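K.L.:
mind folding the following:
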Amino acid sequence: MAAPTWYGAGLLRSVLGVWHLGPQASREWKAPLRSLLGCQKRFVSCVVGTSFSGPRLASASRNYGQGSALDCLLGFPQANSSPTSCVPAVSMYRDEQDLLLVRPPDMAENPRVLHVVLLGAPNAGKSTLSNQLLGRKVFPVSKKVHTTRCQALGVITEKETQLILLDTPGIISPAKQKRHHLELSLLEDPWKSMESADLVIVLVDVSDKWTRNQISPQVLQCLTQFSQVPSILVLNKVDCLKQKAVLLELTAALTEGVVNGKKLNMKQAFHSHGGTHCPSPAAKNPNTQSVRNPQRIGWPHFQEIFMLSSLSQEDVKILKQYLLAQAQPGPWEFHSGVLTNQTPEEICTNKVREKLLEHLPQEIPYGVQQKTVVWEEGPSGELVIQQNLLVPKESHVRTLIGQKGQLISQIAQEVGHDLMDIFLCDVHIRLSVKLLK
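P.N.:
Residues are numbered from 1 along each chain as shown. Prediction:
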């Protein structure tokens, strides 16, 4: 299905860099992009432990700013939103979450549904985008690779439409999985997700000069095997590019010059920009190659292109509206109160691992084993959690604790804040570091 014409206009505005360029620069870029698209309208046992006890809800809400999930629950005014647009919370009780997942969908009269799979190289930003689309940070995010270890599901329900997001691990090769002894789920889950996909989002981090010049061979292989599934290209972190002309070059390479069946007029675009020249991806990376065709670095069957800036949420909103518009008539799979299929314990474990990856150096966080020993409701209704972190070396114990226990304390505090916004309740979390025996 061809995209409605105004989505391309959103694409054009994003490519133009209007979010931080002045009016003159904006006018300067209109010509090349118009010609490009052919004027179409688109953290030593018993040694240390630390805890975080969350403040009461009302004061906690103020820490998140206007429009947070806590504000929504407590009835504070919402900027540019209606009461019906509140993002559902996740229950802190596993049995309640399990019951909700099997509860019959409360469908609208004319329900629509769309299964969306996010594909990309490791650390391309898939979980970050999923969290932004969902409106709540339920998926772990860090700058280190393999933060997402298995497929996770998120649900967006708006009016009569339900979007089911499948956040997959970054696709890796069988050789890499075997060489680094990685979980089999990192290898298999992205492929399994494609079997139920209605639409594929291929995410490319354009701020990473080592990976941005081609779609990864494994992603290309997946797209080729499931070529019947419509796909769109999302270029992430475009605000990090100093030369906006690079976007034109990347667009041409990653799409093989074709979008929605129409050829991109690159020569005229570059000519209109006054002769700006960027080396081709092949010239920058002579080792670039793909699965079956040594010359293939892109995919010529994308229906649409979107460009996201980390400086603004408007681009994500445009993408979300596009996804909602692509939904087809069909029954919902989940009740509108469902946000994710993860258990509360899984969310907590993922959040702790996220912070470990963020704060610990090198390979240390990958060797930490997590064990939740306490998960209960406190006397005042707060969620009480105790999790043991097991590490293989005493040096790792010292590193994780930090000077005077500052690092482990910071990790507990950050996890507690995140969990409060997910469960919408006060959280008391204690993290204890133990030497693995």
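K.L.:
mind showing which ranges of this protein have poor pLDDT?
P.N.:
Along the chain, segments meeting pLDDT under 70 span 1-85, 143-151, 169-191, 266-295.
K.L.:
break it down into its domains, please.
P.N.:
Here the domain assignment for the chain is 6-42+104-329, 49-75+343-435, based on automatic domain parsing.
K.L.:
mind listing what's buried along stretch 92-101?
P.N.:
Applying a neighbour-count criterion of 16 or more other C-beta atoms under 10 Å, one finds 92, 97, 100-101 buried in stretch 92-101. From N, CA and C alone the C-beta is placed, and that goes for glycine too.
K.L.:
show me those that map onto helices.
P.N.:
Counting by DSSP state H, those place 97, 100-101 in helices.
K.L.:
give the contact list for Pro230.
P.N.:
1, 198-200, 303, 326 (C-beta atoms under 8 Å, 6 or more residues apart in numbering).
K.L.:
so for the strand or helix carrying Ile347, what gets flagged as buried?
P.N.:
Assessed by DSSP states H and E, Ile347 sits inside helix 344-359. Residues of helix 344-359 classed as buried by neighbour count (16+ other C-beta under 10 Å): 344, 346-359.
K.L.:
cool, and stretch 301-312?
P.N.:
Within stretch 301-312, the residues that count as buried by 16+ other C-beta under 10 Å are 301-309.
K.L.:
quick one: end-to-end distance for it.
P.N.:
When the termini of stretch 301-312 are compared using C-alpha to C-alpha, to the nearest Å, they are 28 Å apart.
K.L.:
then stretch 368-386?
P.N.:
16 Å.
K.L.:
ditto for stretch 305-323
P.N.:
End-to-end distance of stretch 305-323 (C-alpha to C-alpha): 12 Å.
K.L.:
and the longest helix seen in the chain, what does it pack against?
P.N.:
Longest helix of the chain, by residue count under DSSP H: helix 406-423. Helices and strands touching helix 406-423, by 3 or more C-beta pairs under 8 Å, 6 or more residues apart in numbering; DSSP states H and E, are strand 49-53, helix 57-64, helix 69-74, helix 344-359, strand 383-391, helix 394-401, strand 427-435.
K.L.:
let me see the contact set for Arg112.
P.N.:
Counting by C-beta under 8 Å, 6+ apart, Arg112 makes contact with 160-162, 327-330.
K.L.:
mind doing that once more with 10 Å?
P.N.:
Arg112 makes contact with 158-163, 324-332, according to C-beta atoms under 10 Å, 6 or more residues apart in numbering.
K.L.:
neighbours of the closest residue to it other than its chain neighbours, just the number please.
P.N.:
For Arg112, ignoring the flanking residues on the chain, the nearest one in space by C-beta to C-beta, 6 or more residues apart in numbering is Ala327 at 3.9 Å. Residues contacting Ala327 under the criterion other C-beta atoms under 10 Å number 21.
K.L.:
contacts only, for Ala327.
P.N.:
Shown in contact with Ala327 (C-beta under 10 Å, 6+ apart): 111-116, 158, 160-164, 198-199.
K.L.:
what do you get if the cut-off is 6 Å, keeping everything else the same?
P.N.:
By C-beta atoms under 6 Å, 6 or more residues apart in numbering, the residues touching Ala327 are 112-114, 161.
K.L.:
again with Gly367
P.N.:
Residues near Gly367 by C-beta under 6 Å, 6+ apart: Pro392.
K.L.:
list phi and psi for it.
P.N.:
Dihedral pair for Gly367: phi -100, psi 0, per degrees, to the nearest 10.
K.L.:
what does Leu324 give?
P.N.:
Dihedral angles (degrees, to the nearest 10) for Leu324: phi -60, psi -40.
K.L.:
touching, it and Thr161? I think so.
P.N.:
Yes. In this structure Leu324 lies within contact range of Thr161 using C-beta atoms under 6 Å: 5.1 Å.
K.L.:
comparing those two, which shows the higher neighbour count?
P.N.:
Higher neighbour count among Leu324 and Thr161: Thr161, with 20 against 17, using other C-beta under 10 Å.
K.L.:
check contacts around the more buried one.
P.N.:
With contact taken as C-beta under 6 Å, 6+ apart, Thr161 is in contact with 112, 324, 327.
K.L.:
can you dump the C-alpha atoms of the longest helix of the chain in PDB for me?
P.N.:
Output of helix 406-423 as PDB, limited to C-alpha atoms (Å, rounded to 0.1, in the frame of the first residue of the first chain):
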ATOM      1  CA  GLN A 406      28.600   5.000  45.300                       C
ATOM      2  CA  LEU A 407      28.300   3.100  42.000                       C
ATOM      3  CA  ILE A 408      26.000   0.400  43.200                       C
ATOM      4  CA  SER A 409      23.900   3.000  45.000                       C
ATOM      5  CA  GLN A 410      23.600   5.000  41.800                       C
ATOM      6  CA  ILE A 411      22.500   2.000  39.800                       C
ATOM      7  CA  ALA A 412      19.800   1.100  42.400                       C
ATOM      8  CA  GLN A 413      18.500   4.700  42.300                       C
ATOM      9  CA  GLU A 414      18.300   4.800  38.600                       C
ATOM     10  CA  VAL A 415      16.600   1.400  38.400                       C
ATOM     11  CA  GLY A 416      14.100   2.400  41.100                       C
ATOM     12  CA  HIS A 417      13.200   5.600  39.200                       C
ATOM     13  CA  ASP A 418      12.600   3.700  36.000                       C
ATOM     14  CA  LEU A 419      10.500   1.000  37.600                       C
ATOM     15  CA  MET A 420       8.300   3.600  39.300                       C
ATOM     16  CA  ASP A 421       7.400   5.000  35.900                       C
ATOM     17  CA  ILE A 422       6.700   1.500  34.600                       C
ATOM     18  CA  PHE A 423       4.700   0.100  37.500                       C
END
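K.L.:
tell me what angle it forms with helix 344-359.
P.N.:
Inter-element angle recorded for helix 406-423 and helix 344-359: 140 degrees (by axes from the mean of the first three to the mean of the last three C-alpha atoms, to 10 degrees).
K.L.:
could you list the buried residues of helix 406-423?
P.N.:
Neighbour-count burial for helix 406-423 flags 407-423 (criterion: 16+ other C-beta under 10 Å).
K.L.:
mind listing the strands for the stretch 51-200 of the chain?
P.N.:
112-120, 152-158, 161-167, 199-205 (DSSP state E, counting those that start in this stretch).
K.L.:
among the ones you listed, which comes closest to Arg296?
P.N.:
Among the strands of the stretch 51-200 of the chain, the nearest to Arg296 by C-beta to C-beta is strand 199-205 (14.0 Å).
K.L.:
list the helices and strands that closest one packs on?
P.N.:
Secondary-structure packing of strand 199-205 (3 or more C-beta pairs under 6 Å, 6 or more residues apart in numbering; DSSP states H and E): strand 112-120, strand 231-236.
K.L.:
now the longest one and strand 231-236, what's the angle there?
P.N.:
This means strand 112-120. Put simply, strand 112-120 runs at 60 degrees to strand 231-236, going by the same axes, to 10 degrees.
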